[in-house]
Every structure is written in C-alpha cells, then in structure tokens.
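Novice: the following block contains a protein sequence and its predicted model.
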Amino acid sequence: MMRIITGRARGIKLDTLEGDMTRPTSERAKQAIFSMLQFEIEGRRVLDLFAGSGQMGLEAVSRGAEHAVLVDQSKDAVAVIRRNAEKTRLSDDCTIVCSDFAEFTRQRRGRDMFDIVFIDPPYAMNACRAAVEALVDNRLLGPHCKIICESGEPNPLGVDNPLLHRFEVLKTVQYGRAYVTVLTPIAKGREA
C-alpha cells in the first residue's frame with residue numbers, strides 16, 4: 001500500500017498502476033529521501049520525471065512545496081497521477097504532463113527552474129544519466145537544486161561522464177536493489 005506519509009494529505013492511500021510496468025519507490029526509501037530533504041521542501045518548485053503514480057511529487061506538495069510538475073510518458077500512469085492528485089486534494093499545486101523526459105525538457109527549455117528533481121526511470125531504461133544531461137542542456141535546474149536519482153546501480157551518471165565535474169554527490173544509499181543518489185550542482189569556482 002502506498003500512501004502520503006506526512007503533511008496536509010497525510011495518510012491518504014494512493015492508487016498505483018496494475019502490473020509491473022512501474023516500480024513504485026518503497027515506503028522505506030521514500031521516508032529516507034524525504035528525511036534528507038525535510039528542510040528544503042517548503043516553497044520549492046519540484047519536478048517528478050518518470051512520475052509513475054505521482055507519489056514523490058505529491059508527497060513534496062503535501063509537505064509544503066510550492067508546485068510540482070509530474071511527468072510520465074504513459075497515458076495510464078498520467079490517469080493514475082490525476083486520480084491521486086484529486087484524491088489528495090493537491091491538484092491545484094500540480095501540473096501533470098504526458099510526455100517522455102526528452103521532449104518535456106526540450107519544450108520547457110529555459111522556461112522553468114526546478115529546486116528539487118526526482119528521477120526514477122524503470123531500471124532497464126538506464127535513463128538517469130540522459131535525464132540529468134537533458135535537464136542541464138535545457139537549463140531547468142536551479143543553482144542549489146537537489147536531484148534525487150533512483151536507479152539499479154550506484155553510479156547513475158556513469159563513471160566517465162563530464163557531468164561528474166558539475167555535480168557533487170551528497171549521498172548514495174542502497175535500499176534492496178535500489179540505489180538512491182542525491183546530487184547538487186557544484187558552485188561556480190569550485191569545479192574539480
């Protein structure tokens with residue numbers, strides 16, 4: 001059972017997609033992620049790429065984020081996200097988009113700036129690196145943003161990626177087969 005952990009929609013159960021096309025973030029991992037972010041959510045703009053059920057973006061809004069954009073390429077997932085946004089009464093603080101991450105980032109190029117980004121693609125896609133590259137290329141990241149990548153590997157950006165010189169890894173934690181990595185841009189002048 002998936003639910004909103006805390007905030008104004010606390011305890012509300014969320015719908016999920018049937019089948020194994022999506023793999024929701026475990027309750028334990030979600031609690032750990034939001035513990036890491038607890039003092040950085042209030043008033044922030046959130047992007048939930050590969051949103052699935054929308055649980056991460058909705059949790060952030062429940063905890064005081066100003067607005068969340070929830071993106072998924074599956075029409076079925078988007079229908080579930082809409083139901084969950086209505087059920088939690090958080091729809092007014094959300095924008096729900098049916099698009100793949102590459103098209104979404106191109107369309108929003110330079111028009112949005114996000115403070116917190118959740119990237120949780122299906123592990124087989126191995127898309128964390130491409131998603132971060134798209135966010136950088138399209139200038140969608142705030143200067144002090146936090147990017148939370150959930151993947152099946154400990155180095156979601158790879159080992160030889162030039163982006164590694166632009167981001168600091170704040171934390172990597174493993175939950176079962178999931179690795180949660182928190183990244184933030186390296187301040188100008190501090191690049192390696």
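Specialist: Yep, it's here.

Novice: which residues touch the worst-scoring helix or strand of the chain on mean pLDDT?
Specialist: Least confident helix or strand, the chain: helix 27-37 with a mean of 88, by mean pLDDT, DSSP states H and E. If you take CB atoms under 8 Å, 6 or more residues apart in numbering as the criterion, helix 27-37 is touched by 2, 5-6, 25, 41, 55-56, 59-60, 63, 116, 146, 148, 150, 170-171, 173, 175, 178, 180, 182. In this view, the C-beta of every residue, glycine as well, is placed from N, C-alpha and C.

Novice: restricted to buried residues, select the residues you listed in ChimeraX.
Specialist: In ChimeraX syntax, the buried subset of the contacts of helix 27-37 is picked out as below (16 or more other CB atoms under 10 Å):
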select :2,5,25,41,55,56,59,60,63,116,146,148,150,175,178,180,182
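
Novice: restricted to strands, list the contacts of helix 27-37.
Specialist: Among the contacts of helix 27-37, DSSP state E puts 2, 116, 146, 148, 150, 170, 171, 173, 175, 178, 180, 182 in strands.

Novice: would CSV of the residues you listed with distance to residue 106 and pLDDT be doable?
Specialist: Below are those laid out as CSV (distance: CB to CB, whole Å; pLDDT from 0 to 100):
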residue, distance to residue 106, pLDDT
2, 31, 88
116, 21, 97
146, 23, 96
148, 22, 96
150, 23, 92
170, 28, 91
171, 30, 91
173, 32, 91
175, 32, 87
178, 28, 87
180, 27, 93
182, 25, 94
